[in-house]
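1. Sequence unavailable; structure follows:
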């Protein structure tokens, strides 16, 4: 206990003694005045002593407090100057007014007074107006900035070790991958056992060498499938290399009849190992669904694609078509009714495929309807032909009618798309658990995952081709009338540009089947005829085309001039017919105010990748996107993406 507090304690007892002596003196006055006088004098003596002691106590107290204040003031200034973090005071203009020596030391300058905070920390876009934190790198160190806007104080704390530890933790997180030879059956068809073994050994050696180079654990699961185990740091390196193994294997086997291609699914960032494995296999499914010869990487919520430079290889057997047809037949039989729908603004492929599925449902006596709203000008002549058939036209209903007919036992069949966002009425697929997806587009990140049956084949020319094959297996005695067969053949004709693009042997086989069932090619020709005004408008668009990278034509329609989606797409097709043009892009404003971009290529460039980076999608040779904004901004965005792809991996195969 401090000395002055001890004195304070004694002083209290002395006052009590004085009071006691005084009372005792008063009590003795009537009896013994000498004793009373002695007590009174003693009381005075004690009082004088107490007064002197109190004065001495106060003097010592004030002296102690003075010394303590001096020490606190002196140590306070020393502490602020020696704090292991920085303090910055700034004014309303965010200019530095004062800082402690810590800030000067890390900036290696004597004074930073007068500098702007944004100048001191370049990564700071603007000063936070609310309390919060952000990170900034200074030299080789990482600092945390803590804002106190009310007091206009900024604290700077060195978090380099914590930041490095966090990054090390992220780098060492587990990543799983699956590699698959996606066209092994097609490549080895016709080869003897020795040739097959030699080819597989060559591909396996390339994959093993690639895995060893990046220190990846490789385990062979089957003859055409491998498992990969690594960490997220290595996965980032693989992404930076853009999975060069895809090109190496393709080039290694390019001298064969068909080059071997790989599909890779990678995943990282999941909370549980089981979830991580599920992500890896789902990524592989997406890569295969997009046509193979590419890598799909899922890290948390991010899904990225690499490769995809070659066309999907046509499957040479119809086993899967037969299996899917039988599964679809069983679903139709077990359903209460069937609702068929395509994408928004349907084209001939969507309508033709829907009519094919309608026919399949009717073969088994089920009530089936096609949901459609609004007619795309490109299918107006097709719809006129359909309206001539009263029974067929009655099967077309609005989204409101479709919702009213949907029950839990309804079979919802989605054709020519696999994205719920592209449906006119997405509520239809939430009203039933019985969903079928039939599509020929390369699979994107968005997908109708709750589908019971999925038939996606990117090698196919069109959805009409897939549906035509299904019809041949779904019933023993299939018979189409002229309009049904013509609509299916029209879908194939449009998507293949009159059998000039994306056609395989099975495309012609499907067309032959439809022709035997009465498909009218002259009627299709009349459907595809364009008027003189449209031809002139198309020529006006083509007139604005400019060349980029020697082989890419980009045509930007004049601002304010609106055209139909069909005219913009036809203009892109027409540009592709020009000599030396390997890819074409047409940018124009649609009649609804959106900016449309139609992309086409001859297969030397993957326009799907370009459109996906702009928010759209499609095929390697045929893709599109619709955006808000202006044609000028969209053109600049397109050119920037082309420049980025050119610098990363090159535009042409």
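-> Looks like it arrived, so ask away. Treat the numbers as computed from the prediction; the structure is a model and nothing was measured.

2. Give me the domain ranges for this structure.
-> Residue ranges for each domain of the chain read 3-81, 86-167, 176-307, 319-527, 536-648, as given by automatic domain parsing.

3. Give me the nearest residue to residue 420, chain neighbours excluded.
-> Nearest-residue entry for residue 420: residue 426, 4.7 Å, with adjacent residues in sequence omitted and distances by C-beta to C-beta, 6 or more residues apart in numbering. The C-beta positions use only the backbone N, C-alpha and C, and glycine is treated the same way.

4. can you list the weak-confidence ranges in this structure?
-> Applying pLDDT under 70 to the chain picks out residues 1-43, 46-47, 61-82, 123-128, 309-317, 374-375, 653.

5. Grab the most central residue of it for me.
-> Among the residues of the chain, the smallest C-alpha distance to the mean C-alpha position (C-alpha atoms, centre = their mean) belongs to residue 302, namely 4.3 Å.

6. quick one, phi psi at that residue?
-> Here the main-chain torsion angles of residue 302 (degrees, to the nearest 10) amount to phi -90, psi 130.

7. partner residues bridging it?
-> With DSSP bridges as the criterion, residue 302 is bridged to residue 299.

8. now for the host helix or strand of residue 305, which elements pack on it?
-> Here residue 305, judged by DSSP states H and E, is contained in strand 302-307. Counting contacts by 3 or more C-beta pairs under 8 Å, 6 or more residues apart in numbering; DSSP states H and E, strand 302-307 is packed against helix 245-252, helix 273-289, strand 294-299.

9. which residues sit against the shortest one?
-> Residues lying outside strand 294-299 but in contact with it, judged by C-beta atoms under 8 Å, 6 or more residues apart in numbering, are 232, 235, 239, 243, 246, 263-269, 279-280, 282-284, 286-287, 290, 303-309.

10. Could you rerun that using 6 Å?
-> With C-beta atoms under 6 Å, 6 or more residues apart in numbering as the contact definition, strand 294-299 has outside contacts at 243, 264-269, 279, 283, 286-287, 304-308.

11. Tell me which two of those sit farthest apart.
-> Every pair in the contacts of strand 294-299 was compared (C-beta to C-beta); the two farthest apart turn out to be 269 and 308, at 22.7 Å.

12. Have a look at these two and say which one is more surrounded.
-> For residue 269 versus residue 308, neighbours defined as other C-beta atoms under 10 Å are more numerous around residue 308 (25 against 18).

13. My guess is the more buried one contacts residue 608. True?
-> No - in this structure, residue 308 sits apart from residue 608 without contact. The criterion is C-beta atoms under 6 Å, and the distance is 7.0 Å.

14. Could you give the separation between the terminal residues of stretch 615-629?
-> Counting by C-alpha to C-alpha, to the nearest Å, you get 13 Å between the two ends of stretch 615-629.

15. Strands of the stretch 251-400 of the chain, start to end?
-> Counting by DSSP state E, counting those that start in this stretch, the stretch 251-400 of the chain has strands at residues 262-268, 294-299, 302-307, 338-341, 368-371, 396-397.

16. Please render the ones you listed as TSV that adds distance to residue 492 to the earlier fields.
-> Compiled in TSV, the strands of the stretch 251-400 of the chain are given as follows (distance: least, C-beta to C-beta, whole Å):
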stretch	distance to residue 492
strand 262-268	27
strand 294-299	26
strand 302-307	27
strand 338-341	18
strand 368-371	18
strand 396-397	21
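
17. Quick one: closest of the ones you listed to residue 326.
-> Proximity of those to residue 326 was assessed by C-beta to C-beta; the nearest stretch is strand 338-341, lying at 16.5 Å.

18. helices or strands next to the closest one in the packing?
-> helix 348-363, strand 368-371, strand 411-415 (3 or more C-beta pairs under 6 Å, 6 or more residues apart in numbering; DSSP states H and E).

19. So which of these is the most surrounded?
-> Of the helices and strands packed on strand 338-341, the one with the most neighbours on average (mean count of other C-beta atoms under 10 Å) is strand 411-415, at a mean of 28.

20. Could you figure out how far it is turned away from helix 348-363?
-> Note on geometry: by axes from the mean of the first three to the mean of the last three C-alpha atoms, to 10 degrees, strand 411-415 and helix 348-363 are set 150 degrees apart in direction.

21. need the contact list for residue 442.
-> Applying C-beta under 6 Å, 6+ apart, we find residue 442 in contact with 290, 291, 458, 608.

22. what two of those have the greatest distance between them?
-> Taking C-beta to C-beta, the two most distant members of the contacts of residue 442 are 458 and 608; they sit 9.8 Å apart.

23. So which of the two has more stuff around it?
-> When residue 458 and residue 608 are compared for neighbours, residue 608 comes out ahead with 27 against 22, by other C-beta under 10 Å.

24. Just to check, the more buried one is in contact with residue 624?
-> No - taking contact to mean C-beta under 6 Å, the distance of 9.8 Å between residue 608 and residue 624 leaves them out of contact.

25. okay, and the common contacts of the two?
-> Contact criterion C-beta under 6 Å, 6+ apart; residues bridging residue 608 and residue 624 by contacting each: residue 618.

26. And the helices in the stretch 151-300 of the chain, which stretches?
-> Using DSSP state H, counting those that start in this stretch, the helices found in the stretch 151-300 of the chain span residues 160-171, 184-188, 193-213, 232-240, 245-252, 273-289.

27. For these, give me a markdown table that also has mean neighbour count and distance to residue 223.
-> Compiled in a markdown table, the helices of the stretch 151-300 of the chain are given as follows (neighbours: other C-beta atoms under 10 Å; distance: least, C-beta to C-beta, whole Å):
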| stretch | mean neighbour count | distance to residue 223 |
| --- | --- | --- |
| helix 160-171 | 12 | 33 |
| helix 184-188 | 19 | 7 |
| helix 193-213 | 14 | 7 |
| helix 232-240 | 16 | 24 |
| helix 245-252 | 18 | 15 |
| helix 273-289 | 19 | 16 |
